[in-house]
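Asker: Model the following, please.
(chains A and B)
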Protein chains: 2
Amino acid sequence: MEHNTKVKIGLIGLGTVGTGVVKVLKNFDNIEIAKIAVKNLNKKRDIENLDESLLTDNPYEIVNNPEVDIVVEVIGGVEPAYDLLKTAILNGKHIVTANKELLAKKGQELFNLANENNTVILYEAAIAGGIPIIMPIKTTLAGNKIHTIEAILNGTTNYILTKMEKDGVSYEEVLKEAQKLGYAETDPTGDVEGFDSAYKIATLATIALNQRVDINKIYREGITKICARDMKFAKDLGYRIKLIALAKLTEDNKADVRVHPMLVPIKDCLASINGVTNSVVLEGFPVGRVMFAGPGAGMFPTASSVLGDILAISKSIGSNEMLPLMKCAHNVNALQVDINDTQNKYYIAITASNTPGVIGSIGEICGRHNISLASVLQKGIDVENTADIVVITESCKEQNIKSAISELEKNSNILKINNIIRVME
Amino acid sequence: MEHNTKVKIGLIGLGTVGTGVVKVLKNFDNIEIAKIAVKNLNKKRDIENLDESLLTDNPYEIVNNPEVDIVVEVIGGVEPAYDLLKTAILNGKHIVTANKELLAKKGQELFNLANENNTVILYEAAIAGGIPIIMPIKTTLAGNKIHTIEAILNGTTNYILTKMEKDGVSYEEVLKEAQKLGYAETDPTGDVEGFDSAYKIATLATIALNQRVDINKIYREGITKICARDMKFAKDLGYRIKLIALAKLTEDNKADVRVHPMLVPIKDCLASINGVTNSVVLEGFPVGRVMFAGPGAGMFPTASSVLGDILAISKSIGSNEMLPLMKCAHNVNALQVDINDTQNKYYIAITASNTPGVIGSIGEICGRHNISLASVLQKGIDVENTADIVVITESCKEQNIKSAISELEKNSNILKINNIIRVME
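Answerer: Next up, the predicted model:
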């Protein structure tokens, strides 16, 4: 430590992450928790020797407290966090937050306000939990033009998909189990519909691509339609299904940012990311391809990142200059690619009549829409004399797939399009 | 960029890495290369529009040049680099270096000198090439107590081992090919005997364990004794053989730091690191286990890390305070564990007479030395009626293995101990 006075923390939120932060800060003599805002003052806390006089149920006592140097916000959600952090910044406080939704929706406003007030906002914990990813992009990789991010940013969905593949069971069954184990919330929408991943990739892409990515323009698709059969077909074809957060810089410098399930080739390092682990793969020049993996959530991994941010700010408080590398407003708005204009390979699972020529007509219809097929597999015939057919296309435009699908649906031999999933190359 | 004057670089060395640095710096208007020291002024350089007037064959023109802010040293080796960098630091210059040997052998002296002179030494490129690892440890992970590092830090040996496993060919054969491809040097000693990995883990362990690790006390064993048969046996048992750089903090806070081949369980993420890729796995509290992987060498990946360090220093030159996080002298000397006192599982490949009871006597001898066996496999009988026996032990003390081996060697039914390789748990 470089300075002698204690740095004072105001902590907003004492849930899982907040509790972790209190526990790990005990080992740091030069950092003091001045105040902790909680929802319920009477709740029993799992923290040894917690000084109850620190607790308040009025978070404005923290953001308006002249003693507080750094406000650590771990409550999540846009309000009241947004108003609290604005107030804190206007009061000259530095911010450490784990709030991905707030950053995705109000990041630009907050970063600009912080710049104007010469304070910094750090948020390593908001993206990929304990994995160092924001700071490496801002420091070691600062000279790179990063053009691709492929990431697994949500532990809940990765746990569900891993379990579905391993045990061959349905989405619904695994979800119930994950809820029992505390890996999924009672209302799992935020995770399973991809909102959580979308918030994270919005902020990660903004910093990595160096353009502000609009959360409202991110295409998002969850995992609820993936079934055990898709898992099995994918495996047979040499893939695993993962919920992938993607960001690519196109040749004309547009940002293609999206969240959706993908078939990931089994040899790709992301295919080996199992359970609640997160991973981020970055590709750029001059570095090439680098990968980061680790715990994406949990009390202590998240506290590790919050702690790193607190220490970084603490070390710079001694000097009058704020670390320039901590500033992070991006005032160039990205031109974001519409999902219909993206290029992908596709997995299409079809139920068809077991009629000669059905594969031929699938090929013909796809051909008419400029889609080449990489493989077509008939995966068995069932009792009603219908056949499961799995198609993997070559890379083609999303809007071509959509028009081909609508033509396939009109074909009398095609009984059902069961699923369409993009395929990682 | 936060300041308006150009930062001036003096580059020592224009080999592969130096050339990469010149090429990538072209895109940064606020950084100027003031001078480049080369060995041979007449050598043809693969750099477009290189201003030849920048070249000198006297590197002291750089370290004594009052215009130079940052000396970038990419020549490698202890001398003359050590004297050059000492001179540069005494002249108030900041240092960016990719020189792992110098850091391992003279790091402490250089870091202390830099602290005294209020300059910084950054060295992201010295360890794991393009992978951000030093800066994450100093920033995001700064609050952690890191207790374990398991890493693949040498691309040449990992290429050789990957190829041996894939193609089932001998070490000698693959080495020759690697030399042809430029992946291995004409004298491959530095790589294949583990010196390069040892230099890197010395510095990496010093920063991660927060104690100065003495390169002379690091146990080191190379890959030259690994044969195609070991590869096959390992694979059959569910392992891959990798050259692992290891650093562990023992319960009594000693540093167990070493480099040697290991059987890595095929499900461990390090087992999937193929070819010239490097990887570092860190384990600590509160973060848990995090993994980094990427290109460990090469012109552009290494230049990426050099560039990140140059930019970090450049951004701080505007302020009078040097970034405290860049300081890195470690004045506590680690108590290093002797290899004989380490605990490991072992793979032992034995050629024995095909006699009844030979496996029994192996078990009995091991038992006498307090070694439990996890598995004993007879791997076929050859024409001369000898049998290959592969033993995997439970975790035991290295000195017990040594005494057991010397007893095994005296047993008349044991014809040869072919190899002993430690096994990762």
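Asker: alpha carbons only for contacts and neighbour counts from here, please
Answerer: Will do.
Asker: A strand includes A:Leu282, no?
Answerer: Yes. Counting by DSSP: H, G, I helix; E, B strand; the rest coil, A:Leu282 is part of a strand.
Asker: Pretty sure it sits against A:Ile149.
Answerer: Yes. Contact status for A:Leu282 versus A:Ile149: in contact at 4.7 Å, counting by C-alpha atoms under 8 Å.
Asker: What residue spans form the domains of chain A?
Answerer: Listed domain ranges for chain A are A:7-129+A:299-326, A:134-295, A:341-423 (source: automatic domain parsing).
Asker: Next, format the ones you listed as a markdown table and append mean neighbour count, mean pLDDT and distance to chain B.
Answerer: Converted to a markdown table, those look like this (neighbours: other C-alpha atoms under 10 Å in any protein chain shown; pLDDT from 0 to 100; distance: least, C-alpha to the nearest C-alpha, whole Å):
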| stretch | mean neighbour count | mean pLDDT | distance to chain B |
| --- | --- | --- | --- |
| domain A:7-129+A:299-326 | 20 | 93 | 4 |
| domain A:134-295 | 21 | 96 | 4 |
| domain A:341-423 | 17 | 94 | 22 |
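Asker: Out of those, which gets nearest to B:Thr393?
Answerer: domain A:134-295 (28.1 Å; C-alpha to C-alpha).
Asker: Excluding covalently adjacent residues, which one is nearest to A:Gly275?
Answerer: Distance criterion C-alpha to C-alpha, 6 or more residues apart in numbering or on different chains; nearest residue to A:Gly275, sequence neighbours excluded, is A:Tyr159 at 3.9 Å.
Asker: Sorry, wrong one. I was asking about A:Arg368.
Answerer: Per C-alpha to C-alpha, 6+ apart, closest to A:Arg368 is A:Ala404, 8.0 Å.
Asker: A:Asn30 now?
Answerer: A:Lys6 (4.6 Å).
Asker: give the contact list for that neighbour.
Answerer: If you count contacts by C-alpha atoms under 8 Å, 6 or more residues apart in numbering or on different chains, A:Lys6 has them with A:29-32.
Asker: any idea how far B:Val290 is from it?
Answerer: Distance, A:Lys6 to B:Val290, using C-alpha to C-alpha, to the nearest Å: 30 Å.
Asker: A:Ile70 and A:Gly92 touch, don't they?
Answerer: No. Counting by C-alpha under 8 Å, A:Ile70 stays clear of A:Gly92, with 9.2 Å between them.
Asker: Tell me who's in contact with the nearest residue to A:Ala247 once chain neighbours are set aside.
Answerer: Nearest residue to A:Ala247, sequence neighbours excluded (C-alpha to C-alpha, 6+ apart): A:Val257, at 4.2 Å. A:Val257 is in contact with A:201-202, A:205, A:218-219, A:245-248, A:336-337, counting by C-alpha under 8 Å, 6+ apart.
Asker: What strand or helix carries A:Val257?
Answerer: strand A:255-265 (DSSP states H and E).
Asker: Same question for A:Ile244.
Answerer: Assigned by DSSP H and E, A:Ile244 falls in strand A:239-249.
Asker: Paired strands for that strand, with orientation please.
Answerer: strand A:145-152 (antiparallel), strand A:255-265 (antiparallel) (DSSP bridges).
Asker: who does A:Val280 bridge with?
Answerer: A:Ala151, A:Phe292.
Asker: With B:Ala293 as the reference, measure out to it.
Answerer: Counting by C-alpha to C-alpha - A:Val280 and B:Ala293 are separated by 11 Å.
Asker: List the residues that are in contact with both of these two.
Answerer: A:291-292.
Asker: Would you confirm that A:Asn154 contacts A:Asp191?
Answerer: Yes. Taking contacts as C-alpha under 8 Å, A:Asn154 lies within contact range of A:Asp191: 6.9 Å.
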